[in-house]
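Generate coordinates for the sequence data below:
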Amino acid sequence: MSDEPVTKKAKTSRVKKEGDDVPSTTFKMRVRIESDTENPFDWKDMSSEDLFKGKRVVIFALPGAFTPTCSNTHLPGYEKTYDEMKGLGVDEVYCLSVNDAFVMRQWGLHQGLVEDKTPGSLGFSKVKLLPDGACSFTRGMGMSCLWDTERGFGDRSWRYSAVFNDMKIEKIFVEGGAVTQNSGPDPFEVSDAETMLEYLKKPKE
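Coordinates of the predicted model:
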């Protein structure tokens, strides 16, 4: 018998499609508190329902904080168009990555996002950064992928964007049309802010 440890890989759902339910999971958030310390935050568990139920939100997911396309184009595009999206019937805009809350905040600061220092806030004034550190939401969306041999990444999110409407997937844009494990390219053609804006501006049938 081999002495090699056995690693049990968490189950990933099929890729979600329009009309499907949004995965119900828990996000480990850091929320601002009244404090004069250097780290004026406390832990708060927030469910998918807390964030999305009864709301129409835009979410875009990306492989990692501080990575080139995510930092140079993906997040800046949504930050720039945040107010316009809000004016098109969107309650909030979220950026999700399989990173922890500490990394997500530092990335936001590095990107020049303006912090919302109101007690109870989720971090930033415009786009809200969602830490999916344990990859549970990403797996529930069927968007978990490995880039271990390509980039040395473990479980990350495939790049996509979506509109959630009261815990249902109204619209979803998946790069390349499907999740690709250990993809050489990191496609970025349909999950960008401009494509989302075009969809939001279309008259609803």
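
okay, CA-based contacts and neighbour counts for the rest of this
Fine.

Can you report phi and psi for the residue nearest the centre of the chain?
Centroid-nearest residue in the chain, with CA atoms, centre = their mean: Leu96, separated by 1.3 Å. Taking degrees, to the nearest 10, you get phi -110, psi 140 for the backbone angles of Leu96.

dump the residue contacts of it.
By CA atoms under 8 Å, 6 or more residues apart in numbering, the contact set of Leu96 is Ile59, Phe60, Ala61, Leu62, Leu129, Leu130, Pro131, Asp132.

one more time with 6 Å
Leu96 makes contacts with Ala61, Leu130, as judged by CA atoms under 6 Å, 6 or more residues apart in numbering.

same deal with Lys201?
Contacts of Lys201 by CA under 6 Å, 6+ apart: none found.

can you do 8 Å?
Lys201 makes contact with Leu88, according to CA under 8 Å, 6+ apart.

Just want to check the distance between it and Thr195.
10 Å (CA to CA, to the nearest Å).

who touches the helix ranked longest in the chain?
Secondary structure of the chain read by DSSP state H shows that its longest helix is helix 75-86. Around helix 75-86, the neighbours that count as contacts under CA under 8 Å, 6+ apart are Glu92, Val93, Cys95, Gln111, Lys126, Val127, Asp192, Ala193, Glu194, Leu197, Leu200.

What subset of those residues is buried?
If you count burial by 16 or more other CA atoms under 10 Å, the buried members of these come out as Glu92, Val93, Cys95, Lys126, Val127, Asp192, Ala193, Leu197, Leu200.

picking up where we left off before, the longest helix of the chain: which residues count as buried?
The neighbour-count criterion (16+ other CA under 10 Å) identifies Leu75, Pro76, Tyr78, Glu79, Thr81, Tyr82, Met85, Lys86 as the buried residues of helix 75-86.

now it: mean pLDDT?
Along helix 75-86, the predicted confidence averages to a pLDDT of 97.

and that helix, how far out from the chain's middle?
14 Å (CA atoms, centre = their mean, to the nearest Å).

try stretch 42-49
Between the centre of stretch 42-49 and the centre of its host chain there is 15 Å, according to CA atoms, centre = their mean.

What ranges does the chain have for its strands?
Using DSSP state E, the strands of the chain run over residues 26-32, 41-47, 56-62, 92-97, 128-131, 144-147, 153-157, 160-165, 168-174.

The fifth one - contacts with which helices or strands?
Think strand 128-131. Contact here means 3 or more CA pairs under 8 Å, 6 or more residues apart in numbering; DSSP states H and E; on that basis strand 128-131 packs against strand 26-32, strand 92-97, helix 101-110.

Make a markdown table out of the ones you listed and add distance to Gly54 and mean pLDDT.
Below are those laid out as a markdown table (distance: least, CA to CA, whole Å; pLDDT from 0 to 100):
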| stretch | distance to Gly54 | mean pLDDT |
| --- | --- | --- |
| strand 26-32 | 17 | 95 |
| strand 92-97 | 12 | 97 |
| helix 101-110 | 25 | 95 |
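
Residue ranges in the protein under the pLDDT threshold?
Confidence mapping of the chain against pLDDT under 70 gives the ranges 1-13, 148-152, 154, 205.

hang on, the earlier thing: could the buried residues of helix 75-86 be laid out in a markdown table, adding distance to Asp100?
Written out in a markdown table, the entries for the buried residues of helix 75-86 read as follows (distance: CA to CA, whole Å):
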| residue | distance to Asp100 |
| --- | --- |
| Leu75 | 17 |
| Pro76 | 20 |
| Tyr78 | 21 |
| Glu79 | 20 |
| Thr81 | 25 |
| Tyr82 | 23 |
| Met85 | 26 |
| Lys86 | 26 |
